[in-house]
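Undergrad: Give me coordinates for this.
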Amino acid sequence: MNDTTTLPPLPDRLSVDPRSPFHNVDVLQNDIGIKINDKERRDVEEYCVSEGWIKVASGKSLDRKGRPMLIKLTGRVEVFYK
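TA: The predicted structure is shown next:
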């Protein structure tokens, strides 16, 4: 198990895309769990706790730059270290 006292605090908004201003390498190096409406999701690309949404990839569809198309799901978002 990870020692949560040495881990950086979880941000309100986080993205796995390195081009995003919400990308945080220190946090992403650790194993993070994300729940929306009490169901854990493992395919989250971006989340925002205060606004209550997550973004997940929409199947295999890609945008014109070759990145996956994202769908925004709303609900109660919980973020934690595993």
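Undergrad: helix/strand/coil for the residue located most distally from the centre of the chain?
TA: Ranked by distance from the centre of the chain (Cα atoms, centre = their mean), the top residue is residue 64, with 22.7 Å. Using DSSP: H, G, I helix; E, B strand; the rest coil as the criterion, the local structure at residue 64 reads coil.
Undergrad: check contacts around it.
TA: Not one residue lies near residue 64 by Cβ atoms under 8 Å, 6 or more residues apart in numbering. To be clear about C-beta, it is placed using only N, CA and C from the backbone, and glycine gets the same treatment.
Undergrad: go on, residue 52?
TA: 74-77.
Undergrad: how close does it get to residue 45?
TA: Residue 52 sits at a distance of 16 Å from residue 45 (criterion: Cβ to Cβ, to the nearest Å).
Undergrad: Also residue 12?
TA: Taken as Cβ to Cβ, the span from residue 12 to residue 45 is 16 Å.
Undergrad: Have a look at the two and say which one is more surrounded.
TA: A count of neighbours by other Cβ atoms under 10 Å puts residue 45 above the other of residue 12 and residue 45, at 17 against 13.
Undergrad: from what I can see the more buried one touches residue 20, true?
TA: No - the pair residue 45 / residue 20 is not scored as a contact, 9.4 Å apart, by Cβ atoms under 8 Å.
Undergrad: Now do the same for stretch 73-82: mean pLDDT, whole number.
TA: Across stretch 73-82, pLDDT averages out at 95.
Undergrad: Give the buried residues for it.
TA: 73, 77, 79 (16 or more other Cβ atoms under 10 Å).
Undergrad: Those into TSV, with extra columns for distance to residue 60 and secondary structure?
TA: Formatted as TSV, those follow (distance: Cβ to Cβ, whole Å; DSSP: H, G, I helix; E, B strand; the rest coil):
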residue	distance to residue 60	secondary structure
73	18	strand
77	25	strand
79	27	strand
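Undergrad: which of those residues lies closest to residue 58?
TA: Closest to residue 58 out of those is residue 73 (10.8 Å), distances taken as Cβ to Cβ.
Undergrad: Quick check: closest non-adjacent residue to the closest one.
TA: In this structure, residue 73 finds its nearest non-sequential neighbour in residue 54, 5.3 Å apart by Cβ to Cβ, 6 or more residues apart in numbering.
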